[in-house]
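>>> Here you go, sequence then predicted model.
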Amino acid sequence: MHILVIGGAGYIGSHVVKALMKANHKVSVFDNLSSGLESNLFAQNKFIKADILDYAALKNALLEKVDAVVHLAAKKAVGESMQKPEMYALNNISGTINILNAMAGTGVKNLVFSSSAAVYGNPQYVPIDEKHPLNPLSFYGFTKQDIENYMRWYEQLKGLRFVSLRYFNAVGYDEEGIVHGLEKNPQNLLPIMMEAILGKRPKLQIFGHDYDTKDGTCIRDYIHVTDLASAHVKALEFLHQGGDSQILNLGTEKGFSVLEMVQATQKVTGRNVPYEFAARRPGDPAIILASAKKARQILNWEPTHSQLENIISSTWNAYQKSSL
């Protein structure tokens, strides 16, 4: 297949591109490089530097005999989305409508969408399955839910078929070291710990240490980005073979607390992680775990790279390489 990966120069997108190439698919990358990196691009792929707000550029890219689209071009900082909802509405919602319209206008029917566990909000039970009520706590989460609703309508009215992959906590880097471009302005725990170790920030702030968990800190489900990438490949092949539209969680069904992550990182790196406790953040649940049973059943997918030591060591290798 020929796959257009929108956002293919980003952290997750570049790993998806690598996985697609490994599966012998032709790949074109569409990215405005606002958060993606040129160093994440592969020379053998066509690169289109353009924005998803540019409908004509999207349509021209899709006219190149594209079989399917992977959409990873959303803005994703939860806090920023609450301060700048207009930016998130424009990019995430209007940009996605452009993608859907361009697909409808060129006859490209298959779409794999990068969604998020942020659509669920505070868990009413764990592990969270796809039947869990949707109640996003951030405007970012709302945009993901809204996009899923648009995709359902385009399925009904325009024959779109989609797989929406709801990620939990994406972590890690390509173990082969081929993809190693670091995220710009990371917001997540593991990159922040790496920056604290390397002196790029003074210390890690742990928000809350009085939760009802074994050590008082939040527990999250961490999934290696290579496992996420393999799910995208399987989702595209599932659609190509005539599969129906699906919404699927991607996680490991296991959780680690913030302090467990700190301790494991110190063990793997041999470095001290400077940290301090801070007040809880509004809307941070104590425990979030995924049920990925549906993805296992429908895609025959299993996370095989998400062992904690591998998550940390692959991240540490990427950060060490960048600091040389």
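Looks like it arrived, so ask away.

>>> Make sure residue 237 is indeed in a helix.
Yes: assessed with DSSP: H, G, I helix; E, B strand; the rest coil, residue 237 lies in a helix.

>>> dump the residue contacts of it.
By C-beta atoms under 8 Å, 6 or more residues apart in numbering, the contact list for residue 237 reads residue 23. Backbone N, C-alpha and C define where each C-beta goes, glycine included.

>>> At which residues are the strands of the stretch 201-324 of the chain located?
Using DSSP state E, counting those that start in this stretch, the strands of the stretch 201-324 of the chain run over residues 204-207, 219-220, 222-224, 246-250, 256-257, 275-278.

>>> Please identify the deepest-packed of the ones you listed.
Mean neighbour count (mean count of other C-beta atoms under 10 Å) peaks for strand 222-224 among those, with a mean of 25.

>>> which helices and strands does that one pack with?
strand 169-171, helix 308-322 (3 or more C-beta pairs under 8 Å, 6 or more residues apart in numbering; DSSP states H and E).

>>> what comes up buried for the last one?
The neighbour-count criterion (16 or more other C-beta atoms under 10 Å) identifies 308, 310, 311, 312, 313, 314, 315, 316, 317, 318, 319 as the buried residues of helix 308-322.

>>> so for that helix, what's the average pLDDT?
Summarised as a single mean, pLDDT over helix 308-322 is 95.

>>> so how far is it from its chain's centroid?
Relative to its chain's centre, helix 308-322 lies at 18 Å (C-alpha atoms, centre = their mean, to the nearest Å).

>>> try the shortest one
The chain centroid and the centroid of strand 169-171 are separated by 7 Å under C-alpha atoms, centre = their mean.

>>> Residues in contact with it: which ones?
11-12, 188-190, 220-225, 228, 251, 311, 315.

>>> So what are the sheet partners of it and their directions?
strand 222-224 (parallel) (DSSP bridges).

>>> Give me the buried positions along stretch 271-289.
Buried residues in stretch 271-289 (16+ other C-beta under 10 Å): 273, 275, 285, 286, 287, 288, 289.

>>> same thing with stretch 233-248?
Buried, per 16+ other C-beta under 10 Å, within stretch 233-248: 233, 234, 235, 236, 238, 239, 243, 245, 246, 247, 248.

>>> could you point out the longest helix in this structure?
helix 139-158 (DSSP state H).

>>> between that one and strand 246-250, what angle do the directions make?
150 degrees (axes from the mean of the first three to the mean of the last three C-alpha atoms, to 10 degrees).

>>> Please compute how far helix 139-158 lies from its chain's middle.
17 Å.

>>> residues in contact with that helix?
74-78, 80-82, 85, 88-89, 92-93, 96-97, 100, 103-104, 111, 113, 115-116, 118-121, 134, 136, 160-162, 164, 166, 245, 247.

>>> in it, what counts as buried?
Under the neighbour-count criterion of 16+ other C-beta under 10 Å, helix 139-158 has 139-148, 150-151, 154-155 buried.

>>> and if you look at stretch 99-113?
So stretch 99-113, judged by 16+ other C-beta under 10 Å, has buried residues 99, 100, 102, 103, 106, 108, 109, 110, 111, 112, 113.

>>> As a markdown table, the residues you listed with distance to residue 19 would be great.
Listed next are those as a markdown table, based on distance: C-beta to C-beta, whole Å:
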| residue | distance to residue 19 |
| --- | --- |
| 99 | 21 |
| 100 | 24 |
| 102 | 24 |
| 103 | 22 |
| 106 | 25 |
| 108 | 20 |
| 109 | 22 |
| 110 | 17 |
| 111 | 17 |
| 112 | 12 |
| 113 | 16 |
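
>>> Restrict the helix or strand bottoming out on mean pLDDT in the chain to CA atoms and write it as CSV.
Lowest mean confidence among the helices and strands of the chain (mean pLDDT, DSSP states H and E): helix 78-83, at a mean of 91. Output in CSV follows, covering the C-alpha atoms of helix 78-83 (Å, rounded to 0.1, in the frame of the first residue of the first chain):
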residue,chain,number,x,y,z
VAL,A,78,-3.3,19.4,27.7
GLY,A,79,-2.5,22.5,29.7
GLU,A,80,-2.0,24.6,26.5
SER,A,81,-5.3,23.5,25.2
MET,A,82,-7.1,25.0,28.2
GLN,A,83,-5.3,28.3,27.7
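
>>> For it, name the packing helices and strands.
Using 3+ C-beta pairs under 8 Å, 6+ apart, helix 78-83 is in contact with helix 85-88, helix 139-158.

>>> on that earlier part again, so which of the helices and strands packed on strand 222-224 comes closest to residue 206?
Comparison of the helices and strands packed on strand 222-224 against residue 206 by C-beta to C-beta identifies strand 169-171 as nearest, at 15.4 Å.
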